[in-house]
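**Student:** Predicted model follows, preceded by the sequence.
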Amino acid sequence: KAAELKLNEFANNWHQTYPKLIKDLLKMPNLLTFMDFLPAIRQSLYSANLIENFNKHLKRTTHHKEQFPTEDSLDRLLVFQFNV
């Protein structure tokens, strides 16, 4: 309910500037469906696209290492991280 109130508040604030966008936004019945889940679960639903989620995790994993001494060391890190 709080999310719906915030959405309506947002719509009221921006309706004059972006009427078509707000109209389309309010027509989306499933827009706030993810709010039915607990916050801990919502975090894992952030990206429904598995490839995007995988790439994000990959970047996070390799970000701490600027370079790898060998290609094997990179492979080992990725296998360990992703249990491939």
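**Tutor:** In hand now; what should we look at? Residues are numbered from 1 along each chain as shown.

**Student:** mind giving me the domain ranges of the protein?
**Tutor:** If you go by automatic domain parsing, the domain ranges for the chain are 1-46, 47-84.

**Student:** weakest of those domains by average pLDDT?
**Tutor:** Lowest mean pLDDT within these: domain 47-84, at a mean of 74.

**Student:** picking up where we left off before, could you dump the domains of the chain into CSV with mean neighbour count added?
**Tutor:** C-beta coordinates here come from the backbone N, C-alpha and C atoms, glycine included. What follows is those, written out as CSV (neighbours: other Cβ atoms under 10 Å):
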stretch, mean neighbour count
domain 1-46, 11
domain 47-84, 10
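
**Student:** quick one, helices of this protein?
**Tutor:** Using DSSP state H, the helices of the chain run over 2-14, 19-26, 39-44, 50-63, 71-82.

**Student:** export those to JSON lines and tack on distance to T33?
**Tutor:** Listed next are these as JSON lines, based on distance: least, Cβ to Cβ, whole Å:
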{"stretch": "helix 2-14", "distance to T33": "10"}
{"stretch": "helix 19-26", "distance to T33": "14"}
{"stretch": "helix 39-44", "distance to T33": "11"}
{"stretch": "helix 50-63", "distance to T33": "18"}
{"stretch": "helix 71-82", "distance to T33": "29"}
